[in-house]
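> need coordinates for the following:
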Amino acid sequence: MLLKLLKEMTASRRVLLLGYGREGRAVGRRLLSVGGYAALGIADRNPVADAPAGAVLHIGETYQDAMRDYDIVFKSPGIVLTEGHRPQELSCRVTSLTELFLSAYRDQCIGITGTKGKSTVSSLLYHVLQTAGVPSVLGGNIGIPLADLYEQITPETVIVMEIGVHQLEYNRQSPKTAVLLNLYEEHLDHYGTMEYYAYCKENIYRNQQQGDLLVCGVPGLPAAGDCKATVLRLAQDDESAEISLLHGCIAKSGREKLVLPDDLPLTGVHNRYNCAAVFALARRLGVCAEAILCGFHSFQPLPHRLSPIGTFHGIRWVDDSISTACETCIQALNSLPDTDTVLIGGMDRGISYEPLLRYLAASPVPHIILMSDSGRRIMAEAEAYPDGLLHRMVYAEDLSAAVCMAKQITEKGKICLLSPAAASYNVYQNFEKRGEHFAQLARAESGSGGTI
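This next block holds a predicted model:
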């Protein structure tokens with residue numbers, strides 16, 4: 001179905017791949033297999049070494065200008081459209097692999113988004129389905145291009161899609177089952193305002209139809225008239241919500257309840273909340289409670305999410321590099337009461353750090369090491385809080401210096417936690433590289449050690 005739709009969409013048209021990373025290449029491979037287009041172009045800021053024969057290249061800072069010369073543009077999620085290149089400003093059709101895939105398979109799709117938790121919920125749901133023998137695939141924002149799943153899909157396949165906000169910004173299709181876990185300030189360097197960021201996230205359900213399902217954990221959403229689907233509320237400690245985590249240990253779905261044991265591999269109340277969402281979704285797909293619990297027990301948590309690195313220099317090191325928002329740092333500290341030192345800071349995206357500052361002011365964590373651009377701003381804003389907070393803070397220029405300090409001040413037997421509440425892109429390629437460097441530094445024999 002996907003290839004048939006792609007062939008119909010691009011027949012006799014000039015097609016541009018805007019961005020030629022993993023997803024752009026995946027779309028390109030499918031285009032070459034169906035053929036029939038009038039012309040194929042590739043536009044990217046960086047040089048392209050493996051372009052298909054016959055493709056026209058548009059490389060360099062002005063690469064987005066090429067959009068005006070094509071009929072259909074497949075935009076990769078990482079591309080930020082600049083002024084004069086947004087869909088409403090052009091005559092071409094701007095689409096994406098996500099939109100194409102949903103057009104072909106929306107009835108089989110469970111689309112999962114949210115500022116935080118979407119990777120864990122998507123991976124956990126897929127693992128539970130696989131454990132229970134339910135035909136299923138996993139792809140999308142989690143790093144598996146949807147175009148590469150084509151051969152694995154049958155009419156019975158459940159398609160679990162992690163969908164990020166960049167994939168949703170211009171999306172005009174919604175999955176039959178949509179999940180919006182939460183909304184926190186994030187990506188404001190791209191979206192400008194929290195209102196527009198939220199608007200883009202809401203595209204997960206904005207085009208749903210009657211008979212569809214939305215699981216929503218954001219109070220006040222969807223607004224009246226914005227969603228035609230049946231809405232199930234996702235909440236914490238709310239018996240009236242259709243889906244809820246009660247008392248930190250009971251997953252509730254309608255009238256059913258599942259006690260979550262203390263020894264699950266996923267740690268923290270926020271992850272038990274994720275388990276409650278997966279419990280409800282899996283039950284609706286016919287998976288029994290016993291099989292769901294079996295899947296919960298055998299699931300291996302994703303890296304860089306409250307991941308223990310080990311004990312080095314008498315200190316227990318924990319990597320939560322995925323943390324790019326205030327709420328995730330707060331959740332990490334709540335989950336690890338033995339934290340003696342927390343490392344916070346990274347790229348300053350302009351989000352408000354007031355919630356984190358309020359939490360830290362009341363928190364007993366004795367050592368707060370602030371790093372990089374956002375760390376500098378947090379320290380400056382901490383001057384407005386009681387003196388006790390600022391006295392617990394120290395500034396380090398980068399992660400190497402921060403770990404060096406942590407080795408000197410962290411109490412033996414206690415935790416040093418990396419939970420930056422900030423993006424990594426001003427120094428690292430991604431949060432994974434930051435987490436890997438943190439682990440390298442923690443293990444190093446010298447005071448700083450390690451390399452980026």
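
> please identify the helix or strand for His127.
Here His127 sits within helix 118-131, counting by DSSP states H and E.

> can you give me the buried ones in that helix?
118-131 (16 or more other Cβ atoms under 10 Å). Glycine gets a C-beta too; all of them are placed from N, C-alpha and C.

> what sits up against it?
110, 112, 114, 136-138, 140-142, 158, 160-164, 179, 181, 266, 271, 274-275, 277-278, 281-282, 285, 287, 291-292, 294-296, 298-299, 301-302, 305, 322 (Cβ atoms under 8 Å, 6 or more residues apart in numbering).

> which of the residues you listed count as buried?
Among the contacts of helix 118-131, those scoring as buried are 110, 112, 114, 136-138, 140-142, 158, 160-164, 179, 181, 266, 271, 274-275, 277-278, 281-282, 287, 291-292, 295-296, 299, 301-302, 305, 322 (criterion: 16+ other Cβ under 10 Å).

> among the residues you listed, which are in helices?
Judged by DSSP state H, the subset of the buried ones among the contacts of helix 118-131 located in helices is Asn271, Asn274, Cys275, Ala277, Val278, Leu281, Ala282, Ala291, Ile292, Gly295, Phe296.

> is it correct that Ser400 falls within a strand?
No. Using DSSP: H, G, I helix; E, B strand; the rest coil, the assignment for Ser400 is helix, not a strand.

> ok, it to Met393 distance?
Distance, Ser400 to Met393, by Cβ to Cβ, to the nearest Å: 19 Å.

> repeat that for His304.
Counting by Cβ to Cβ - His304 and Met393 are separated by 24 Å.

> so Leu441 is in which element?
helix 431-443.

> can I get that helix in CSV? Just the C-alpha atoms.
Extracted in CSV, the C-alpha atoms of helix 431-443 (Å, rounded to 0.1, in the frame of the first residue of the first chain):
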residue,chain,number,x,y,z
PHE,A,431,22.2,13.3,24.2
GLU,A,432,23.6,9.8,23.6
LYS,A,433,27.1,11.2,23.0
ARG,A,434,26.8,13.4,26.1
GLY,A,435,25.9,10.3,28.2
GLU,A,436,28.7,8.2,26.7
HIS,A,437,31.2,11.0,27.6
PHE,A,438,29.8,11.2,31.1
ALA,A,439,30.3,7.4,31.6
GLN,A,440,33.9,7.7,30.2
LEU,A,441,34.7,10.5,32.6
ALA,A,442,33.2,8.7,35.6
ARG,A,443,35.3,5.7,35.0
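
> contact partners for the nearest residue to Ile144 once chain neighbours are set aside?
What sits nearest to Ile144 in space, not counting adjacent residues and going by Cβ to Cβ, 6 or more residues apart in numbering, is Leu138, at 6.4 Å. Shown in contact with Leu138 (Cβ under 8 Å, 6+ apart): Ser122, Ser123, Tyr126, Ile144, Val160, Glu162.

> just the pLDDT at Leu138, thanks.
As predicted, Leu138 sits at a pLDDT of 97.

> go on, Ile452?
For Ile452, the predicted pLDDT is 35.

> and if you look at Gly21?
Gly21 is given a pLDDT of 92.

> what sits against it?
Applying Cβ under 8 Å, 6+ apart, we find Gly21 in contact with Ser76, Gly78.

> coming back round to it: who's more crowded, His304 and Met393?
Taking neighbours as other Cβ atoms under 10 Å, His304 and Met393 compare with His304 leading, 21 against 16.

> thought the more buried one was touching Thr328?
No. In this structure, His304 is not within contact of Thr328 by Cβ atoms under 8 Å, at 11.4 Å.
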